[in-house]
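Asker: return atomic coordinates for the entry below.
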Amino acid sequence: MAVADACPFDRAIQSTAFDCSQSRKTFIGEKESVICSNLNARQDCVLLVRQLKKNARFALQINTANGLLTHGQEMKLKSGGLRGLQALPCSNQSSDIHDLLNRVITEFGNIEQFPYADLVKAISRYKLRRGS
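Answerer: Take a look at the predicted model:
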């Protein structure tokens, strides 16, 4: 069951590749979860994930933008997309998702105007860590 204020980038944060000044870790039952303390920032992240998924369908080998993603596809989409944002000159290579998104929004005006061709390349290149 989804939590209304769940962070769209929770797995990227839990993987320790990224952090977010707007996130808080919490426990739901015995499972650690990441929630967003800023609903306006969360809306930006939800829109970014939607746009990434829409633009990366071919790279993720999914037929529709509404298709369910495997764990691997989700990690590739979100972590790869964030790494793509980090690679942009305006990003200052920030690992704070909220800061990163605000820097890129300032540069491009809004999330729909992001350079998705570059972001999809980063998604395609992203490799999942293999457990030992």
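
Asker: who does the helix or strand of the chain with the lowest mean pLDDT touch, helix- and strand-wise?
Answerer: Least confident element among the helices and strands of the chain, by mean pLDDT, DSSP states H and E: helix 57-60 (a mean of 86). If contacts are counted by 3 or more Cβ pairs under 8 Å, 6 or more residues apart in numbering; DSSP states H and E, helix 57-60 sits against helix 71-86, helix 116-125. Every residue, glycine included, has its C-beta placed from N, CA and C.

Asker: mind putting these into a markdown table with mean pLDDT and distance to Thr16?
Answerer: As requested, these are exported to a markdown table (pLDDT from 0 to 100; distance: least, Cβ to Cβ, whole Å):
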| stretch | mean pLDDT | distance to Thr16 |
| --- | --- | --- |
| helix 71-86 | 94 | 11 |
| helix 116-125 | 96 | 19 |
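
Asker: isn't Gln93 up against Leu85?
Answerer: No. Counting by Cβ atoms under 8 Å, Leu85 is not a contact partner of Gln93; they are 9.6 Å apart.

Asker: out of the two, which sits in the busier spot?
Answerer: It is Leu85, of Gln93 and Leu85, that has more neighbours when counted by other Cβ atoms under 10 Å, with 24 against 12.

Asker: contact partners for the more buried one?
Answerer: By Cβ atoms under 8 Å, 6 or more residues apart in numbering, the residues touching Leu85 are Ser91, Leu100, Leu101, Val104, Phe114, Leu119.

Asker: ok, now with 10 Å
Answerer: 48, 52, 91, 93-94, 97, 100-101, 103-104, 114-115, 118-119, 122 (Cβ atoms under 10 Å, 6 or more residues apart in numbering).

Asker: low-confidence ranges, the chain, go.
Answerer: By pLDDT under 70, the low-scoring segments of the chain are 1-3, 64-66, 130-132.

Asker: ok, Thr16 - contacts?
Answerer: If you count contacts by Cβ under 10 Å, 6+ apart, Thr16 has them with Ser95.
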